[in-house]
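Student: My questions concern the predicted model and sequence given below.
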Amino acid sequence: MFDKKSRVAVQNLTILLPQGEIVNGCVRCPYHGWSFDRQGTCVAVPQLKPEQSIPPSYQVRLYKCAERYGYVWACLRNEPLLPIPCIPEADDATMQLIPQFYEPWQCSGLRLMENSFDNAHFSFVHANSFGDQQQPEPVSSEISSLEYGLQVRATIPVVNPPMQRKNLSIEDEVTVRYVVSTWYMPFSRTLKVTYPNGLIHLIFTAATPVSDRTSQIIQFCIRNDIEADAQAVALVAFDRQVTQEDKAVLETTDYDTPLYINAEQRMPSDRPGIIMRRELAALLKAHGEVEQRLEMLV
């Protein structure tokens, strides 16, 4: 379950960072205009008279943070358990990074991560984008364990709809994706797709828990072409179609995702998700935590 302390921290960051503004090197809250310095100390309260001092209790907790890939990463504990995901393509000057979306989804981060590595849902969930219901059998994949998660490699045939042909510079009705998917514990992933013509389309997705039911989803993509080859607005539009198809299904699933493997039915293509659940259960145990599902609390 998402603990109260972390929930409040995320809510505070959600209010201060996206909607606040920097004034004289401080973050000014958009609600009442209070300003906080780098140490979390309140240095300006417009509602106070000039002769009134700011109460020392007007503080916000200080969190370690870093800027990477054009986004702010915050650590809600004293020290991070794992480093920020390393994406070499993002530092490659020959590639372009395109922000895609930042929005709340009503599902757990684990559901989203499992979905990202599930080759069996393409034919049905994505039948209107790149899936083929006439070929429902998932392709085989190669799974490797990593210190911080796992990696899956697969070669996946996909439908190439008209709106995507310009994006890929491939006119064939069907093409192939050479996929390398990497999971970074707990709720981040990259999907690196290489097409037969050498085009690379890498997607980064992360889910930040906001509450037990809600995750804040962020996504951007990285390409090895330029705007003249494929317009960014068209690239975002196609990926948004795909993610909206996922979202429509994921928001119908139980947000209280069990780590106990036998709590839900499985098939061979669910192997990455099984590994994820085991790794997360081991991570919780290593830090003195145990799974507390909603049904265990009633």
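Tutor: Perfect, thanks for sending it.

Student: secondary structure element for the residue lying closest to Leu81 once chain neighbours are set aside?
Tutor: With sequence-adjacent residues excluded and distances taken as C-beta to C-beta, 6 or more residues apart in numbering, Leu81 is closest to Leu283, at 7.6 Å. No exception for glycine: its C-beta is placed from N, CA and C like everyone else's. When elements are defined using DSSP states H and E, Leu283 is found to belong to helix 271-286.

Student: Does Met95 touch Ile222 like I think?
Tutor: Yes: applying C-beta atoms under 8 Å as the test, Met95 and Ile222 come out as touching, 5.3 Å apart.

Student: ok, the two, which is more surrounded?
Tutor: Taking neighbours as other C-beta atoms under 10 Å, Met95 and Ile222 compare with Ile222 leading, 22 against 16.

Student: What strand or helix carries that one?
Tutor: strand 215-223.

Student: tell me which strands and helices that strand is in contact with?
Tutor: strand 96-105, helix 109-116, strand 200-209, helix 232-250 (3 or more C-beta pairs under 8 Å, 6 or more residues apart in numbering; DSSP states H and E).

Student: coming back round to it: so what sits against both of Met95 and Ile222?
Tutor: Counting by C-beta atoms under 8 Å, 6 or more residues apart in numbering, the common neighbours of Met95 and Ile222 are 89, 200.

Student: I'd like the mean pLDDT over stretch 136-144, please.
Tutor: When pLDDT is averaged along stretch 136-144, the result is 93.

Student: Quick one: end-to-end distance for that stretch.
Tutor: Taking C-alpha to C-alpha, to the nearest Å as the measure, stretch 136-144 stretches 24 Å from start to finish.

Student: Same question for stretch 34-44.
Tutor: From the first residue to the last, stretch 34-44 extends over 6 Å; the measure is C-alpha to C-alpha.

Student: tell me which residues in it are buried?
Tutor: Judged by neighbour count (16 or more other C-beta atoms under 10 Å), stretch 34-44 contains these buried residues: 34-36, 42-44.

Student: which one of these is nearest Leu62?
Tutor: Here the nearest of the buried residues of stretch 34-44 to Leu62, counting by C-beta to C-beta, is Phe36; it sits at 9.5 Å.

Student: quick one: which of the buried residues of stretch 34-44 sit in strands?
Tutor: Secondary structure defined by DSSP state E assigns 35-36, 42-44 of those to strands.

Student: which ones are touching the closest residue in space to Pro80 that isn't next to it in sequence?
Tutor: Nearest in space to Pro80, with sequence neighbours left out and distances taken as C-beta to C-beta, 6+ apart, is Lys64 at 7.3 Å. Residues counted as contacts of Lys64 (C-beta under 8 Å, 6+ apart) are 74-75, 79-80.

Student: No further queries at this time; thank you.
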